[in-house]
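S.K.: My questions concern the predicted model and sequence given below.
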Amino acid sequence: MHIAIAGNIGSGKTTLTRLMAKHFGWKPQYEDVENNPYLNSFYEDMQRWSFNLQVYFLNSRFRQVVEIRKSGKNIVQDRTIYEDAYIFAPNLHSMNLMSTRDFENYASLFELMSSFLQPPDLLIYLRASVSTLVEQIQKRGREYEASIRLDYLKLLNERYETWINSYKLGKLLIVQVDDTDFAKPEDLSEVINAVNAEVHGLF
């Protein structure tokens, strides 16, 4: 079974992935942030490195999904391939940080890859306001995220909402992050119960 967690930068995907993996005994599949050779360069010069970064993510996540399906295990994944294609790449293109030529090349690659993919059995979307995202980004203190602009997070949030409102690939659970603190046992328990209710319908 493949559970995927989607959400903007700082929404709590990695934290929830870790806590759910621990609770259910599932294998966590994290986003490859530490080994990403383009991330620091991208935040220093978005226009120069946007295409390279997005292709790196596309390749990395495509491999992840193929491995998840091959493994036959219950896996919870931190961020999906769809977020790259429907949110981050088009946002960079609309901000003139990725050329139309590069974006069309990227979109064509994604279209081909997605034709080979099975979507997650359950998608969990972490919905958070920009103020909550900023608070959580500051709290974790990643150096390369210090320069993320508010308007960038706001645009991403708008794209997330558009994508989620039209998501029809499988089961969807929305968690309101502004009202939820995964560190509080009662809040986590509420999310776990909601996931349980969805998951039992998958077996």
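M.R.: Now that the structure is in, tell me what you want to look at. The model shown is predicted, which means the values in this text are computed figures rather than measured ones.
S.K.: CA only for contacts and neighbour counts going forward, please
M.R.: Fine.
S.K.: does L172 count as helix, strand or coil?
M.R.: Assigned by DSSP: H, G, I helix; E, B strand; the rest coil, the conformation of L172 is strand.
S.K.: what residues are up against it?
M.R.: For L172, the contact set (C-alpha atoms under 8 Å, 6 or more residues apart in numbering) comprises L122, L123, I124, Y125.
S.K.: try it again with 10 Å
M.R.: Under the criterion of C-alpha atoms under 10 Å, 6 or more residues apart in numbering, the neighbours of L172 are A4, P120, D121, L122, L123, I124, Y125, I164, V195, E198.
S.K.: Let's have these in a markdown table, adding neighbour count and secondary structure.
M.R.: Below are those laid out as a markdown table (neighbours: other C-alpha atoms under 10 Å; DSSP: H, G, I helix; E, B strand; the rest coil):
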| residue | neighbour count | secondary structure |
| --- | --- | --- |
| A4 | 24 | strand |
| P120 | 23 | coil |
| D121 | 16 | coil |
| L122 | 21 | strand |
| L123 | 25 | strand |
| I124 | 22 | strand |
| Y125 | 23 | strand |
| I164 | 15 | helix |
| V195 | 18 | helix |
| E198 | 16 | helix |
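S.K.: which one in the residues you listed is the model shakiest on?
M.R.: The member of those with the lowest pLDDT is E198, at 90.
S.K.: doesn't I174 make contact with that one?
M.R.: No. E198 lies out of contact with I174 (C-alpha atoms under 10 Å); the separation is 11.4 Å.
S.K.: Pretty sure L19 sits against P28.
M.R.: Yes. When contacts are counted by C-alpha under 10 Å, L19 is listed as touching P28 (9.3 Å).
S.K.: State the pLDDT value of the residue nearest the centre of the chain.
M.R.: By C-alpha atoms, centre = their mean, the chain has its centre lying nearest to R79, at 2.7 Å. The model reports R79 with a pLDDT of 93.
S.K.: Please name the nearest non-neighbouring residue to it.
M.R.: Distances taken as C-alpha to C-alpha, 6 or more residues apart in numbering put A6 closest to R79, at 4.8 Å, once the chain neighbours are dropped.
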